[in-house]
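Novice: Based on what follows, work out the 3D shape:
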Amino acid sequence: MRGAGRNKGESFDGSHEEVGFGGGRRGRGGHAGHGGRRRRLFDSAELQLLLLSLAGEQPAHGYELIRGIEARSNGGYSPSPGVVYPALTFMEEAGLLEAVQDGARKNYRATEEGKAHIAANADAVAHVQARLTSLAQVRERTDGAPIRRAMQNLKTAIFDRLSQDQVDRETILRVAGFIDDAARNIERIDV
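Specialist: Residues are numbered from 1 along each chain as shown. As a prediction, this is how the structure comes out:
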């Protein structure tokens with residue numbers, strides 16, 4: 001039986017996890033024990049704190065909160081609705097958020113208890129917000145659009161050249177050599 005005999009705080013693979021605010025689990029280091037998937041940027045406790053702090057700034061519905069996080073990270077992080085809405089529901093049930101119906105949507109705002117929780121965890125709030133800011137700065141420095149355009153250009157040139165009838169082994173080796181030269185030149189760039 002899956003999970004049989006495991007201790008509290010121990011994952012199904014036997015590694016230990018920390019249990020955060022809201023019962024979310026966070027693995028220590030490496031991947032989250034999910035077959036090589038990337039670790040989440042925020043564990044569930046951190047995401048809940050981030051959502052609560054945003055809802056404390058101004059009432060917003062779930063989609064607006066997702067877009068707010070995405071904007072603060074310069075598009076580097078956008079939590080899925082599948083993690084955001086359960087987090088909002090949990091915090092509403094815990095009395096940290098209240099939902100006000102606005103047509104077909106619920107606008108969430110921090111309750112007095114939620115605001116007190118934000119204030120009591122001001123350092124943690126600042127930490128998660130700083131991580132979003134840092135991610136936004138990295139995204140700004142590493143805008144990949146010119147690289148993607150150049151890679152597509154390279155791919156097209158290679159395909160066009162190698163799809164001609166008179167291509168022989170020597171041509172293929174020359175193309176490979178040019179690509180290897182480009183890779184070596186990129187590795188040597190001083191930053």
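Novice: Pretty sure I118 sits in a helix.
Specialist: Yes. I118 forms part of a helix when assessed by DSSP: H, G, I helix; E, B strand; the rest coil.
Novice: and it, what is it in contact with?
Specialist: Residues near I118 by C-beta atoms under 8 Å, 6 or more residues apart in numbering: L49, L52, S53, G56, A110, V125. All C-beta atoms are positioned from the backbone trio N, CA, C, and that covers glycine.
Novice: Looking at these, spot the one nearest P81.
Specialist: Comparing the contacts of I118 against P81 with C-beta to C-beta picks out L52 as the nearest, at 17.1 Å.
Novice: Go through the helix or strand harbouring that closest one and flag the buried ones.
Specialist: In the assignment (DSSP states H and E), L52 maps to helix 44-57. Within helix 44-57, the residues that count as buried by 16 or more other C-beta atoms under 10 Å are 44-56.
Novice: In the protein, where is pLDDT below threshold?
Specialist: 1-39, 143 (pLDDT under 70).
Novice: Can you show me the helices along it?
Specialist: 44-57, 62-72, 81-93, 112-120, 122-141, 145-162, 169-187 (DSSP state H).
Novice: Comparing those, which comes out most buried?
Specialist: helix 44-57 (a mean of 23; mean count of other C-beta atoms under 10 Å).
Novice: what's the spacing between the most centrally placed residue in the chain and V138?
Specialist: With distances taken as C-alpha atoms, centre = their mean, Y77 lies nearest the centre of the chain, 4.0 Å away. Y77 sits 11 Å away from V138, taking C-beta to C-beta, to the nearest Å as the criterion.
Novice: Equivalent analysis for K115, please.
Specialist: For K115, the distance to V138 - C-beta to C-beta - is 31 Å.
Novice: Please apply the same query to H127.
Specialist: 17 Å.
Novice: Domain parsing of this structure, as residue ranges.
Specialist: Using automatic domain parsing, the domains assigned to the chain come out as 17-141, 145-187.
Novice: Isn't V84 up against I66?
Specialist: Yes. With contact defined as C-beta atoms under 8 Å, V84 reaches I66; the gap is 5.7 Å.
Novice: Output stretch 66-85 as CSV, restricted to C-alpha atoms.
Specialist: Extracted in CSV, the C-alpha atoms of stretch 66-85 (Å, rounded to 0.1, in the frame of the first residue of the first chain):
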residue,chain,number,x,y,z
ILE,A,66,-2.0,35.2,-10.3
ARG,A,67,-1.4,38.1,-12.8
GLY,A,68,-0.1,40.2,-10.0
ILE,A,69,2.5,37.6,-9.1
GLU,A,70,3.4,37.1,-12.7
ALA,A,71,3.9,40.9,-13.2
ARG,A,72,6.1,41.2,-10.1
SER,A,73,8.3,38.4,-11.4
ASN,A,74,8.5,40.0,-14.9
GLY,A,75,6.8,36.9,-16.3
GLY,A,76,9.2,34.5,-14.5
TYR,A,77,6.6,32.9,-12.3
SER,A,78,2.9,32.3,-12.7
PRO,A,79,1.3,30.0,-10.2
SER,A,80,-1.3,27.7,-11.6
PRO,A,81,-5.0,28.1,-10.7
GLY,A,82,-4.7,24.5,-9.4
VAL,A,83,-2.6,25.7,-6.5
VAL,A,84,-3.9,29.2,-6.1
TYR,A,85,-7.6,28.5,-5.7
